[in-house]
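J.: model the structure of this input:
(one chain, ligands or ions: 1)
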Amino acid sequence: MVPDEPVAVVTGANGGIGSIVCNVLSEHFAVTAISRSGGPPRDHHEVDLLVHCAGAFDQGSIGETPGSAWQEIFEANLFDVVQTTRRFLPALRKAQGRVIILNSTAVSGSPANKAAYTASKAALQTFAQALHQEELENGVRLTSLYLGRVATPMQEKVCALEGRPYDASEFLLPETVARLVLGIAFSPPDAHITEMEMKPAWRPSRVPLSARQLFDKQPENPRSVDETPLVTAYQG
Ligand SMILES: NC(=O)c1ccc[n+]([C@@H]2O[C@H](COP(=O)([O-])OP(=O)(O)OC[C@H]3O[C@@H](n4cnc5c(N)ncnc54)[C@H](OP(=O)(O)O)[C@@H]3O)[C@@H](O)[C@H]2O)c1
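T.: Numbers count the residues shown, from 1 in each chain. Predicted coordinates:
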């Protein structure tokens, strides 16, 4: 470790996003990588950055999801985050450090058939809001990052459970998330980025056609545009 090098702690360090976040941060920070297969993390007197990249996903209706699955998901997505944050909070306060929590755009979508995941991320949102407010006076700045789909092993699992093919090119790259994390870490000292949302960029092949475009594609259609039902279809 280079003397006076800032310290970053990253959870889920073996994961799709966490591993890249560790790589990108290691150019600027002494990184303590926390993973389930690694030993207990070393303690630090001061921590400049804590990035929560650990998390778990499962899918299923409430009727078919056993209590044990809810417990596992809440363990990964909430309780571990609470525990790790509390563990490093004194060191974060000393350094007036930043905390970045990876949350999901799922919190603002339909929770049906993924209630355990969505509920755990909604609880994480509440935790983050409380931490944000409580730690302002201690100089600890928290950022919640709400991500759309990212090309990682977790997304492969999501696609498999949804019964659709996994095509990484449809999703955000973990490198893009890591660059955003770095940007937040190095945002000017007068800035507190409290929340950000990032989704995969718009791509023409996935854009719904408007009713007018649908109608134009079928010139033999005798009905007027105004009568065209307001349905959407996907190209390709
Ligand atoms: N990928 C997406 O589309 C997406 C979208 C929105 C938000 N996110 C969020 O981004 C974060 C990272 O996701 P990812 O895509 O990188 O997932 P990933 O590739 O599956 O990695 C998740 C990591 O979390 C660790 N983990 C799982 N359960 C854990 C537990 N109970 N305790 C401690 N660690 C645990 C895993 O450890 P092991 O390596 O030991 O299994 C793994 O390293 C998650 O919070 C996820 O909810 C992801």
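J.: so after the helix ranked longest in the chain, what's the next helix or strand?
T.: As assigned by DSSP state H, the longest helix anywhere in the chain is helix 115-135. Toward the C-terminal end, the helix or strand that comes next after helix 115-135 (DSSP states H and E) is strand 141-147.
J.: could you say what helices and strands that following strand packs with?
T.: Packing partners of strand 141-147 (3 or more CB pairs under 8 Å, 6 or more residues apart in numbering; DSSP states H and E): strand 98-104, helix 115-135, helix 174-185, strand 195-198. Glycine gets a C-beta too; all of them are placed from N, C-alpha and C.
J.: check what contacts it and list those residues.
T.: Strand 141-147 is touched from outside by 96-105, 107-108, 125, 128, 131-132, 135, 172, 177, 180-181, 184, 192-199, with contacts defined as CB atoms under 8 Å, 6 or more residues apart in numbering.
J.: let's see it at 7 Å
T.: 98-105, 107, 125, 128, 131-132, 135, 172, 177, 180, 184, 192-198 (CB atoms under 7 Å, 6 or more residues apart in numbering).
J.: one more: stretch 73-85?
T.: Contacts of stretch 73-85 (CB under 7 Å, 6+ apart): 11, 34, 50, 52, 54-56, 58, 99, 101, 116-117, 120-121, 123-124, 127, 131.
J.: and for stretch 23-38?
T.: 1-2, 5-11, 13-14, 22, 41-42, 44, 48-49, 84, 178-179, 182.
J.: among the residues you listed, the buried ones, what's the ChimeraX command?
T.: Burial among the contacts of stretch 23-38 is assessed by 16 or more other CB atoms under 10 Å; the matching ChimeraX selection reads:
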select :6,7,8,9,10,11,13,14,22,41,44,48,49,84,178,182
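J.: out of the contacts of stretch 23-38, list just those in strands.
T.: 7-11, 49 (DSSP state E).
J.: got a list of what F127 touches?
T.: 78, 81-82.
J.: can you rerun that using 10 Å?
T.: Shown in contact with F127 (CB atoms under 10 Å, 6 or more residues apart in numbering): 77-79, 81-82, 85, 101, 103, 142, 144.
J.: any regions of this structure where pLDDT drops low?
T.: For the chain, applying pLDDT under 70 flags the ranges 1, 204-236.
J.: residues from it in reach of the ligand?
T.: The chain has residues 12, 14-18, 35-37, 53-56, 75-76, 80, 102, 104, 147, 149-150, 152-155 near the ligand, with proximity defined as CB under 6 Å from any ligand atom.
J.: buried ones among the contacts of strand 141-147?
T.: Buried members of those, counted by 16+ other CB under 10 Å: 98-104, 107, 125, 128, 131-132, 135, 172, 177, 180, 184, 193.
J.: assumed D190 was part of a strand.
T.: No. D190 is assigned coil when assessed by DSSP: H, G, I helix; E, B strand; the rest coil, not a strand.
J.: ramachandran angles for it?
T.: Here is the backbone geometry of D190 (degrees, to the nearest 10): phi -80, psi 0.
J.: what about W202, how many neighbours?
T.: A count of nearby residues for W202, using other CB atoms under 10 Å, gives 7.
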